[in-house]
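**Q** Task: produce atomic coordinates for the following.
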Amino acid sequence: MTLHTLELGESGSRVVFLHGLFGQGRNWNTLGKQLADTHRVTLIDLPHHGRSPQPDSFDYLEVTAAVAELLSADDGADDPATVVGHSMGGKIAMLLAITRPELVAKLVVADMSPVVYERVGGFKTYVDAMQGLDLDRITRREEADAGMQEAVPDPTVRGFLLQNLRRDGDSWRWAMNLDVLGRDLDRIGAWPTEELKAYEPYDGPVLWVAGELSNYVTDEYAPAMKEWFPRYRKVTIKGAGHWVHSEKPETFLAALRQFVGD
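**A** Model prediction:
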């Protein structure tokens, strides 16, 4: 599976960014450009998203294997990267560190924990809102925004979701694999406990970034984090919710720079 990537920067250690559900590699573009002055940066469209392939089902270990294949093709074992993942991308980053530790020099997990999340209702609301749009009747992006306003009142979230809406000739289409992602939300909220029994914890340095206003990182999840990532250090960004890197980009970038180093 060949994943779409964007490369920034020409020198320094490599930093790889993995976006969250309904995202794209370019979600990290602003941070990536700022980091590219001292590092080589790779922004990845994960499977089911953006310009990458769209399989028939979602499976965390298959997605992780696709990322590992990409990094391995670039001499990853000889040039391990700092891997940064947010939300769903955070789980993929954690799984990559556990299953292919030789590819990961350092790990940054943004507002995600290695646990099963039972409540995915908020994301189901987003799926229903997007699937409820009649793309054949929409002529302008503003009409799609208006059509989602009741179900998704936050304009920032609507804007994030509508980044996936693209022109296709005279009509519109979703760039992501919306039907599969909507159907497999429970899988996306899961954590492959059984499949990981054959693996050891990741012993590299880990930065666990929490949004103060989010409930994806809590004290309840700390034992699971300690089990798989015994060298983790937690940083809580005040005033930030789940989209911690976009809500407080300067604070997030400062923490990232300090952790990644030169």
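
**Q** Break down the stretch 1-150 of the chain into its helices, ranges please.
**A** Secondary structure of the stretch 1-150 of the chain (DSSP state H, counting those that start in this stretch): helices at 29-35, 60-73, 88-99, 121-131, 141-148.

**Q** if we compare those, which one ends up closest to residue 226?
**A** helix 88-99 (12.9 Å; Cβ to Cβ). In short, each C-beta sits where N, CA and C put it, glycine included.

**Q** Report the angle between the closest one and helix 60-73.
**A** Calculated by axes from the mean of the first three to the mean of the last three Cα atoms, to 10 degrees, helix 88-99 forms an angle of 70 degrees with helix 60-73.

**Q** before we move on, back to that, which of the helices of the stretch 1-150 of the chain is buried the deepest?
**A** Of all those, helix 88-99 carries the top mean neighbour count, a mean of 25, counting by mean count of other Cβ atoms under 10 Å.

**Q** Which residues does it contact?
**A** 17-21, 23, 46, 60-61, 63-64, 67-68, 71, 83-85, 103-104, 107-112, 114, 188, 191-192, 196, 199-202, 204, 206, 228-229 (Cβ atoms under 8 Å, 6 or more residues apart in numbering).

**Q** Emit the ChimeraX select command for whichever of the residues you listed are buried.
**A** To isolate the buried ones among these in ChimeraX, judged by 16 or more other Cβ atoms under 10 Å, type:
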select :17,18,19,20,21,23,46,60,63,64,67,68,71,83,84,85,103,104,107,108,109,110,111,112,114,188,191,192,196,202,204,206,228,229
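
**Q** before we move on, back to that, let me know which of the helices of the stretch 1-150 of the chain is the nearest to residue 256.
**A** Between residue 256 and these, the shortest gap by Cβ to Cβ is with helix 29-35, which sits at 7.1 Å.

**Q** neighbouring contacts of that closest one?
**A** By Cβ under 8 Å, 6+ apart, helix 29-35 touches 6, 8-9, 15, 17, 41, 43, 245, 249, 252-253, 256-257, 260.

**Q** Next: stretch 228-245.
**A** 20, 28, 31, 86-87, 94, 97-98, 107, 109-111, 114, 160, 201-214, 216-217, 222, 225-226, 247-248, 251-252, 255.

**Q** Among these, which ones are in strands?
**A** 86, 107, 109, 110, 206, 207, 208, 209, 210, 211 (DSSP state E).

**Q** Now do the fifth one against residue 93, distance only.
**A** Read it as residue 206. Counting by Cβ to Cβ, to the nearest Å, the gap from residue 206 to residue 93 is 10 Å.

**Q** Show me the common contact partners of the two, please.
**A** With Cβ under 8 Å, 6+ apart, residue 206 and residue 93 have common neighbours 107, 108, 109.

**Q** Looking at strand pairing, list the partners for the second one.
**A** Taking DSSP bridges as the rule, residue 108 bridges to residue 84, residue 207.

**Q** Domain map for the chain?
**A** 5-117+191-260, 121-183 (automatic domain parsing).
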